[in-house]
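Chemist: Below: sequence and its predicted model.
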Amino acid sequence: MSSRYFVDRSSKAVVVLCALASFLVLLAIGVFTLREAMPAFGETGVLDFLFGTTWRPGQDAYGILPMMVGSIYVAFLAMAMAVPLGIACAILLAEVAPRYVRRLLRPAVELLVGIPSVVYGLVGMVIIVPQVRHLGGSGYSVLAAAIVLMAMCLPTIISISEDSIRAVPRSYKEGSLALGATQWQTMWRVTLPAARSGLIAAVILGIGRAIGETMAVYMVIGNAILMPVSPLDKARTLTGNIAVEITYAAGIHEKALFATGVVLFLLILVINSVAILALKRGVGGQRVG
Amino acid sequence: MCIRSGKGWTLALTAALLAATLLLAACGGASPENSGTITVAGSTTVQPLAEKLANAFRNTHHDVHISIQGGGSSTGVKSVANGTVDIGAASRELEESEQGQGLVTHLLCRDAIAVVTHPDSVVTGLSARQVRGIFAGDITNWSQVGGASAAIHVIAREEGSGTRAAFEELVMEDSLITADAILLPSNGALRTAVSGDPDSIGFLSFAYVNETIQALAIDGVTATRENAVAGTYPILRPLYFLTLGEPSGIVKDFIDFAKSVEGQAIMKAEGYIGVG
């Protein structure tokens, strides 16, 4: 009996330790990145770093505003395309499609997650960039990156949206239909508002994925440090900035890249926290708006 | 029980580490003739090449440890001049201020850079001045250099790339590569991009030129391996090992190996222009 008790206690300890480890890893990454980044913030000044528009390591100019704009621009453009597509697909899977279609579509969507991002980048470079070139410019653009990201974010958006649509109690729909609403009215006025928090979380996690993605974007966005205005303009993202320059950076330049990482880290932390809050609210009280 | 086996594993690991340390220490005490450490620092272009050479060299010199670091050509020159390293690596000629310190240059090979366009481009050659103008962003339309009227899409490598550094040094002189250039992370990616865009221009190491792209003639000299070997192709740079005074012992052995048929074959396989 005592040995069984011992196994019980020790396995609990192991589980707690593992759980703690993942938290510690997060903490360690945060602390390390911040510590490495501090000299850059000190040298450049936090405001000049965040809102400076010239990044020229050779001349000790470190302003990441164009990259922040680039990251956010790409992510939101990708979402503008992925959200309608993703939610429509989720509705199809959750409500409309017969079972066999769902059995076929769902694994196909999930398979999209497994494709390495460099493959997305390559496909983007060889197929999407030349198509975008027809619209003007060189093709290496915010738009090309957003199209690639759209494909990469779809699985996240579809699966979370589908789950949250399925989680809407049957009674809501039955009530709506019993009152004489059509299928479409029920979907638009009852089911989707009830699933709202899950849908918001899906979108926010999609944005997080879009901002964090490096390689696929790196290959199709052109990486020129310019403030993008038109979707056909070249741009550089925060992740791309680190990937492009870290191999040869030294001294304050290297610290500035760590500082770029800190900004990225905070940006994604905020986005994910918002997503978690949105999901929590959904659990607390689902209301028909 | 689970925990006991865990402890046993840790113990075994510790023992193995201890044994490995002892073994390494024992190796360090072998005969001085064919053992020791060679330190190399400098050009990041030479660095991967030096690593390939070192790996091959160790096949015959098991007890020699070769430590290779980057830092750039200037660092290489400085470190070897003040005795910090045995061999400095440089991918350029010595500057005037760097001469007269007793440095001996050992030419390893040459590296040529091709300026490339889409195979359908009607422009098949440019002057060095035109290439400079295009990459600086002063020439922006193909019609300015004899092509059809279309905006030039300048594609370059990321900063820090050895190819970019060499291109800047050999072609750009005091101009900077335009901020409007598309930056791609590798020779391969750049080739894919150029082969897919009829209005693009880029540069890459000779080793990557194939039939999907067109290498331009520069100042009338076609970009062929023969012209590079002959030294008439202008975008060519030397890769050097530097030593303080004439080398001796294992350092001499290593440099001789690099210049040997076997060493030259390694460099040619990497796409460099051999000198042996």
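Modeler: Arrived safely, thanks for sending.
Chemist: count of residues packed around the closest residue to residue B:35 other than its chain neighbours?
Modeler: Counting by Cβ to Cβ, 6 or more residues apart in numbering or on different chains, residue B:63 is the residue found nearest to residue B:35 once chain neighbours are left out, at 3.5 Å. All C-beta atoms are positioned from the backbone trio N, CA, C, and that covers glycine. Applying other Cβ atoms under 10 Å in any protein chain shown, we find 16 residues neighbouring residue B:63.
Chemist: And residue A:119, by the same measure?
Modeler: By other Cβ under 10 Å, the residues close to residue A:119 number 11.
Chemist: Over to residue B:210?
Modeler: Counted with other Cβ under 10 Å, the neighbours of residue B:210 add up to 10.
Chemist: helix, strand or coil for it?
Modeler: Assigned state for residue B:210: coil (three-state reduction, DSSP: H, G, I helix; E, B strand; the rest coil).
Chemist: Can you give me the distance of the residue nearest to residue B:35 to residue B:266?
Modeler: When Cβ to Cβ, to the nearest Å is the yardstick, residue B:63 and residue B:266 sit 21 Å from each other.
Chemist: With residue A:159 instead?
Modeler: When distance is defined by Cβ to Cβ, residue A:159 is 50 Å away from residue B:266.
Chemist: Same check on residue B:96?
Modeler: When residue B:96 is compared with residue B:266 (using Cβ to Cβ), they lie 32 Å apart.
Chemist: again with residue A:259
Modeler: Separation of residue A:259 from residue B:266 (Cβ to Cβ) stands at 40 Å.
Chemist: before we move on, what about residue A:136?
Modeler: Applying Cβ to Cβ, one obtains 46 Å for the distance of residue A:136 from residue B:266.
Chemist: More neighbours: those two, which one.
Modeler: Neighbours of residue A:136 and residue B:266, each counted by other Cβ under 10 Å, are more numerous for residue B:266; the result is 20 against 11.
Chemist: Ignoring the adjacent residues along the chain, who's closest to residue 69?
Modeler: Picked chain A for this. Leaving aside its sequence neighbours, residue A:69 sits nearest to residue A:227 (Cβ to Cβ, 6+ apart; 6.1 Å).
Chemist: my bad, chain B
Modeler: In space, and not counting its chain neighbours, residue B:69 is closest to residue B:41: 4.3 Å by Cβ to Cβ, 6+ apart.
Chemist: Looks like that neighbour contacts residue B:70 (just checking).
Modeler: Yes: assessed by Cβ atoms under 8 Å, residue B:41 is found in contact with residue B:70 at 7.3 Å.
Chemist: and the two? which has more neighbours close in?
Modeler: Between residue B:41 and residue B:70, counting by other Cβ under 10 Å, residue B:41 is the more crowded of the two (25 against 21).
Chemist: Each with direction, which strands does the top strand by length along chain B pair with?
Modeler: What stands out as the longest strand in chain B, according to DSSP state E, is strand B:103-117. For strand B:103-117, sheet partners with direction are given as strand B:200-205 (antiparallel), strand B:214-215 (antiparallel), strand B:236-244 (antiparallel), strand B:273-274 (antiparallel), following DSSP bridges.
Chemist: contacting residues around the next helix or strand after it?
Modeler: Moving toward the C-terminus from strand B:103-117, the next helix or strand (DSSP states H and E) is strand B:125-126. Contacts to strand B:125-126, defined as Cβ atoms under 8 Å, 6 or more residues apart in numbering or on different chains, come from residues B:115, B:134, B:145, B:216, B:217, B:218, B:220, B:222.
Chemist: ok so, going back, point out the most buried one among the strands paired with strand B:103-117.
Modeler: Among these, judged by mean count of other Cβ atoms under 10 Å in any protein chain shown, the one packed with the most neighbours on average is strand B:200-205 (a mean of 25).
Chemist: where's that one relative to the chain centroid, distance-wise?
Modeler: Mean-position distance between strand B:200-205 and its chain equals 16 Å (Cα atoms, centre = their mean, to the nearest Å).
Chemist: Can I get it as PDB, trimmed to CA atoms?
Modeler: C-alpha atoms of strand B:200-205 as PDB (Å, rounded to 0.1, in the frame of the first residue of the first chain):
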ATOM      1  CA  SER B 200      14.100  41.300 -62.700                       C
ATOM      2  CA  ILE B 201      17.800  41.600 -62.200                       C
ATOM      3  CA  GLY B 202      19.900  40.000 -59.400                       C
ATOM      4  CA  PHE B 203      23.400  38.800 -58.600                       C
ATOM      5  CA  LEU B 204      24.600  35.400 -57.300                       C
ATOM      6  CA  SER B 205      27.700  33.300 -57.000                       C
END
